[in-house]
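>>> Prediction below, plus the sequence it came from.
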Amino acid sequence: MKFNAAQIAELVSGSVDGNSNAEVFKLSKIEEGTEGSLSFLANPKYTPFLYTTEATITLVSDDFVAEKDYKTTLVRVNDPYEAFSKLLKHYNKIKHVPKASISDKAFVSNDALCFENISVGDYAHIGAHTTIGKNCVICPQVFIGENVNIGDNTIIHVGARILDQTVIGSHCVIQNNSVIGADGFGWSPNDSGSYDKVPQTGNVVIGDYVDIGANTTIDRATLGSTRIGKGVKLDNLIQIGHNVEIGAHTVIAAQTGIAGSTKIGTHCQIGGQVGISGHLTIGNRVGIQAKSGVLKNIKDDAKIMGYPAFDYIAFNKSYVHFRNLHTHVTDLESLKRKLNHD
């Protein structure tokens, strides 16, 4: 699909400086621009590439002043990076959303309720008493169990598994091979020294506008619900245990693990490879640095790091001493020898 400079300017509230009819059909970095591509200039250090790029159209800031000749058509905007991101979303939506249809190779239960304009790919499975909202995309090889409820405009990518009784909101994106609603890790030791399975009878409830990364797993609750709030963004390879609650607009990076029954507040930012113990309460707007281990409750607005995690600034001050510990030990041994000699 092609767009001309005038159409792009309208999409990003910009103005054309050059040929309004110049057409593009792909995106590129400015240093790798080719004919027919759209690029952007946001970082001043890439300015030299503007004069050599083969990109047909380039987004630049309103106040950009060229120092020499260039071939590309400019679209002037307030923030080139933000405008390019907006165009990326638009391009991605057009590129990846298939036409509404249900594959002959898919299984859709006669007891399922599917609203209009949905797409169901090859070998997808939709179980009994499940509801799929308007404009949803169910990609090939997706498994959706029984009594599942999925809102409007949600996309579930190849190989994802949505198990019984799960509730997913509208405008969500579930990436490849995610598993939502599998049994939580519940075992009880018995007198023989082995373990008995604790039945996991709850479900998972996911709010609107949630993104869940590839191979991320969210366990069903033992009782009640594991809850993921509105606007939460989860990276790939995250494990969320049973009865965990994550507040609205919290973001979590890859390889983080959250043990059962922990409650995380709203607008938190959690780095990669963080481990969070069970039955904790983490406040709102908390920042947890990568590779931290959280073993106790955290108050609102805290910024923490380390294992066990504590105040971020205090950690960095302590790390200076730890890094120089060998010199401190040498100094202490020198003082001991001096005192003993005296």
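Received the coordinates, thanks.

>>> residue contacts, the closest residue to residue 231 other than its chain neighbours?
Spatially, and ignoring its direct neighbours in sequence, residue 231 is nearest to residue 249 (4.2 Å; CB to CB, 6 or more residues apart in numbering). C-betas here are computed from N, CA, C, even on glycine. By CB atoms under 8 Å, 6 or more residues apart in numbering, the residues touching residue 249 are 229-232, 266-267.

>>> Include pLDDT, neighbour count and secondary structure when you put these into CSV, please.
What follows is the contacts of residue 249, written out as CSV (pLDDT from 0 to 100; neighbours: other CB atoms under 10 Å; DSSP: H, G, I helix; E, B strand; the rest coil):
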residue, pLDDT, neighbour count, secondary structure
229, 98, 21, coil
230, 97, 15, coil
231, 97, 19, coil
232, 97, 24, coil
266, 98, 18, coil
267, 98, 16, coil
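
>>> rewinding a little: tell me how far the residue nearest to residue 231 lies from residue 108.
Residue 249 sits 34 Å away from residue 108 when distances are taken as CB to CB, to the nearest Å.

>>> Switch the contacts of residue 249 over to JSON lines; also include distance to residue 68.
Listed next are the contacts of residue 249 as JSON lines, based on distance: CB to CB, whole Å:
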{"residue": "229", "distance to residue 68": "51"}
{"residue": "230", "distance to residue 68": "49"}
{"residue": "231", "distance to residue 68": "45"}
{"residue": "232", "distance to residue 68": "47"}
{"residue": "266", "distance to residue 68": "49"}
{"residue": "267", "distance to residue 68": "45"}
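
>>> where in the stretch 51-200 of the chain is pLDDT low?
Within the stretch 51-200 of the chain, the stretches with pLDDT under 70 are 93-97.

>>> Residue 276 against residue 256, yeah?
Yes: at 7.4 Å, residue 276 and residue 256 qualify as touching, with contact defined as CB atoms under 8 Å.

>>> Common neighbours of those two, please.
Contacts common to residue 276 and residue 256, judged by CB under 8 Å, 6+ apart, are residue 270.

>>> Would you list the phi and psi of the residue nearest to residue 231?
As for residue 249, its main-chain torsions (degrees, to the nearest 10) stand at phi 60, psi 20.

>>> if we can go back for a sec, can you pick out the most distant pair from the contacts of residue 249?
Spanning the widest gap among those are 230 and 267, at 11.4 Å by CB to CB.

>>> can you list residues touching both of these two?
248-249.

>>> related to what we said a few turns ago, what's the closest of the contacts of residue 249 to residue 115?
The nearest one, if we look at the contacts of residue 249 relative to residue 115 and count by CB to CB, is residue 230, at 21.2 Å.

>>> roughly how far apart are the closest one and residue 154?
Residue 230 is 13 Å from residue 154, by CB to CB.

>>> do the same with residue 27
Taken as CB to CB, the span from residue 27 to residue 154 is 25 Å.

>>> These two: who's more crowded?
Each of residue 27 and residue 154 has its neighbours counted (other CB atoms under 10 Å); residue 154 has more, 25 against 16.

>>> That one and residue 123, how far apart?
From residue 154 to residue 123 the distance is 19 Å (CB to CB).

>>> what do you get for residue 19?
Residue 19 is 47 Å from residue 123, by CB to CB.

>>> Fine by me, thanks again.
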